[in-house]
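Colleague: Give me the fold of what follows.
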Amino acid sequence: MSVGLVYGFHGGLGMLKITCYGGVNEIGGNKILLEEDDSAIMLDFGKSFNVMAKYFDEFLQPRTNSCLRDLLRLGAVSPIPGIYRKDLLTHAGVWNSLVGCGLPDSARYLFECDLESSEDYKARYGKLRVDGILLSHGHADHCQHLCFVDPSIPVFCSPATAAILRAVEDTGRGGWESQICSCSLRYVDQCSDRSTFPGALTIDSKNTKCPRKICPVKPFEKFQVGRFNIKPVPVDHSVPGAYAYIIESPSGKTIFYTGDLRFHGRFSVGHDCITSRLREQTKNLCPDVFISEGTRIASDGENSEVTSEGDNELDVERKLQEAVGTCSGLAVVDFGWKDTTRFQTVLNVAKATKRVLAINPKVAYLWERLRETDPESFPDLSQSENVKVYLERRDSMIYSLADYTKSKHSVGTCIDWNELTKKLKAQCVSENSYDDYLTPRLCHYYDGVRAYEIASNPSKYILHAGYYDMNELFDVSPPQGSIYISAATEPFSDEMVLDERKLANWLEYFGLIDAGKEITHYHVSGHANGRDLLDFITDVNPKRVLPIHTTHVGVFERELGDKYEIVPPSLGVEIGIR
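Modeller: Numbering: from 1, shown residues only. Down below sits the predicted model:
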């Protein structure tokens, strides 16, 4: 798509243009551009797991200073003009500094890019290429590739999603993929006099942190992005704060975007639940375009997605309680750290079985950030006797505070110790009183659970642990009679299948499953089954349905084609709606 074809330069006024740059014939990677007249917005900006897994693994990753350029070449990031960071597209503008250094002009392609950056687009047209990005929720396949987007483009989402983005960045391992809430802009510099090669050119990013414009919006409250009017509507999903969006274009066309949703979670039960309010808002909405996820459109709702999947979240809780209640040793349960609904389910099981749930510190950190936005829905965990943070052994393996300086979330819910030190110095706090200020921020370190405590009384605990936590079991030493249950999604990629096989080896070694046996899964999907989704689409009664986030477009055509116009998207191909 060339820059000359944007903002009403073709198709005429009042033409709604929809271009899907991700999520086409795949699960996730959603990037959907809506344009009309002189305004444009994006729906989500996610990572494509399929394309990334096709080329990369744990030991082969995109090159740090060429990550965007490499991924554009592979098609893992879509070539959308006018939205990306200039420092990533042009290699921090280093070519101008290299001229005259012996490199021929034929090497220019290594450092420059034909794709126009957001900064250059704005310089040409006096405005941003897109007026804003609407995030449906905080899963990586819907938000991860914001790291490449110019931070001046505003991002709109729920307060909970904003908290999740912050927690992901704060607890991550750093690097380019973690730059979601803020960017470290790259620039050309010279090595210092104390370096091996003083004066040599280098690419640096220190002291260039640029915050992204993240704008939390309240549910059901209308707001405007460019000339699009938008109403966020909460939906039930496997992560808090998920939104669908009702969008009105400048000419009055209505677009309904589901994001990811389900009708069988904990928040789909009851008269005033999230799902009932969603149905009230969308009944006979009759949108011009219904952009629908279709992850499980081929599932009929009776044959479960996985062998031991429950009908709903309450059924998962019942099965977990039965298993843990009959366990004579340690119960090890895995669940996604961003899935606060599942965390509440496992915590309920801990209370019912009179055990203590020892959680990954990321769960506690996220919960605290969510608590800042909604203390009523996310109460103070320190008031519960049934949940504590598991303190893993790191670095020197002696439980020294020095072991956690690079993972401060492991010892407490405050990670900005530098800011704390500045405040203490400004208040002239003596070194003798320093601990009085620091101790409350080390709640996990002083009140968490260590491996030897679990080993001495395993039947008292439920340990939150998955594949990447298996090393901890050397110290936890689960006794005979212990169990392992996965309360997370079953593997859906080749890489996940390999990880599950290795996980089974670990569990066999520690006696948590019998040799040759499969891992027990108690899970309920974050996505609607086919029957529920088709019924919902019928209730909304759209003019057109655009299937996204699915590998089963044909099911939409077969089941709905006689009622509505089905518009299958093609990657990067514009769809015009008059």
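Colleague: May I ask which helix or strand of this protein has the lowest mean pLDDT?
Modeller: When the helices and strands of the chain are scored by mean pLDDT, DSSP states H and E, helix 431-438 comes last with a mean of 58.
Colleague: Just give the nearest non-adjacent residue to residue 49, would you?
Modeller: In this structure, residue 49 finds its nearest non-sequential neighbour in residue 28, 5.7 Å apart by C-beta to C-beta, 6 or more residues apart in numbering. Bear in mind the C-beta positions are built from the backbone N, C-alpha and C, glycine included.
Colleague: And residue 372, by the same measure?
Modeller: Per C-beta to C-beta, 6+ apart, closest to residue 372 is residue 163, 6.9 Å.
Colleague: Just give the number of residues close to residue 141.
Modeller: Counted with other C-beta atoms under 10 Å, residues neighbouring residue 141 total 22.
Colleague: That one contacts residue 47, doesn't it?
Modeller: Yes - in this structure, residue 141 is within contact of residue 47 by C-beta atoms under 8 Å, at 5.7 Å.
Colleague: Poorly predicted segments of the stretch 451-578 of the chain, please.
Modeller: Scanning the stretch 451-578 of the chain for pLDDT under 70 picks out 490-494, 496.
Colleague: which residues of it fall in strands?
Modeller: Secondary structure of the stretch 451-578 of the chain (DSSP state E, counting those that start in this stretch): strands located at 461-464, 483-486, 520-521, 544-548, 565-566, 574-577.
Colleague: Reformat these as JSON lines; add distance to residue 399 and mean neighbour count.
Modeller: Below are the strands of the stretch 451-578 of the chain laid out as JSON lines (distance: least, C-beta to C-beta, whole Å; neighbours: other C-beta atoms under 10 Å):
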{"stretch": "strand 461-464", "distance to residue 399": "17", "mean neighbour count": "25"}
{"stretch": "strand 483-486", "distance to residue 399": "25", "mean neighbour count": "23"}
{"stretch": "strand 520-521", "distance to residue 399": "32", "mean neighbour count": "18"}
{"stretch": "strand 544-548", "distance to residue 399": "48", "mean neighbour count": "24"}
{"stretch": "strand 565-566", "distance to residue 399": "59", "mean neighbour count": "14"}
{"stretch": "strand 574-577", "distance to residue 399": "58", "mean neighbour count": "16"}
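Colleague: So which of those is nearest residue 136?
Modeller: Checking the strands of the stretch 451-578 of the chain against residue 136 by C-beta to C-beta gives strand 544-548 as the closest, at 10.9 Å.
Colleague: Which elements pack onto the helix ranked longest in the chain?
Modeller: Ranked by number of residues, the top helix in the chain under DSSP state H is helix 494-509. Counting contacts by 3 or more C-beta pairs under 8 Å, 6 or more residues apart in numbering; DSSP states H and E, helix 494-509 is packed against no other helix or strand.
Colleague: mind checking how far that helix is from the chain centre?
Modeller: 24 Å (C-alpha atoms, centre = their mean, to the nearest Å).
Colleague: Check stretch 370-383 too.
Modeller: 21 Å.
Colleague: returning to what we had before: give me the pLDDT value at the residue nearest to residue 49.
Modeller: Predicted confidence (pLDDT) for residue 28: 88.
Colleague: Would you double-check that residue 285 falls in a helix?
Modeller: No - Residue 285 sits outside any helix when classified using DSSP: H, G, I helix; E, B strand; the rest coil, being coil.
Colleague: Could you tell me the end-to-end distance of stretch 81-101?
Modeller: Distance across stretch 81-101, first residue to last, is 31 Å (C-alpha to C-alpha, to the nearest Å).
Colleague: Tell me which residue lies nearest the centroid of the chain.
Modeller: Centroid check for the chain by C-alpha atoms, centre = their mean gives residue 139 as the closest residue, at 2.4 Å.
Colleague: Report the contact partners of that one.
Modeller: Counting by C-beta atoms under 8 Å, 6 or more residues apart in numbering, residue 139 makes contact with 28, 46, 239, 260, 338.
Colleague: again, only this time at 7 Å
Modeller: Contact partners of residue 139, counting by C-beta atoms under 7 Å, 6 or more residues apart in numbering, are residue 239.
Colleague: pLDDT below threshold where in this protein?
Modeller: 1-13, 100, 270-271, 300-311, 417-440, 490-494, 496.
Colleague: Where do the domain boundaries of it fall?
Modeller: The chain breaks down into these domains under automatic domain parsing: 10-298+528-577, 313-390+448-521.
Colleague: how about TSV for those, with distance to residue 441 added?
Modeller: TSV is the format used below for those (distance: least, C-beta to C-beta, whole Å):
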stretch	distance to residue 441
domain 10-298+528-577	14
domain 313-390+448-521	11
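Colleague: right, so of these, which gets closest to residue 412?
Modeller: Minimum separation from residue 412 across the domains of the chain (C-beta to C-beta) falls at domain 313-390+448-521, 8.5 Å.
Colleague: picking that back up, which neighbours do residue 141 and residue 47 have in common?
Modeller: Contact criterion C-beta under 7 Å, 6+ apart; residues shared by residue 141 and residue 47: residue 29.
Colleague: want to try a markdown table for the strands of the stretch 451-578 of the chain, with distance to residue 472 as columns?
Modeller: A markdown table is the format used below for the strands of the stretch 451-578 of the chain (distance: least, C-beta to C-beta, whole Å):
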| stretch | distance to residue 472 |
| --- | --- |
| strand 461-464 | 8 |
| strand 483-486 | 13 |
| strand 520-521 | 20 |
| strand 544-548 | 39 |
| strand 565-566 | 49 |
| strand 574-577 | 50 |
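Colleague: I'd like to know which of those strands is closest to residue 178.
Modeller: Proximity to residue 178, assessed across those by C-beta to C-beta, is greatest for strand 461-464 (22.6 Å).
Colleague: who's in contact with that closest one?
Modeller: Contact with strand 461-464 is made by 324, 330-333, 335, 346, 350, 355-360, 390, 454, 476, as judged by C-beta under 7 Å, 6+ apart.
Colleague: just stretch 347-355 next, same as before
Modeller: By C-beta under 7 Å, 6+ apart, stretch 347-355 touches 317, 320, 321, 324, 325, 356, 357, 386, 387, 460, 461, 462.
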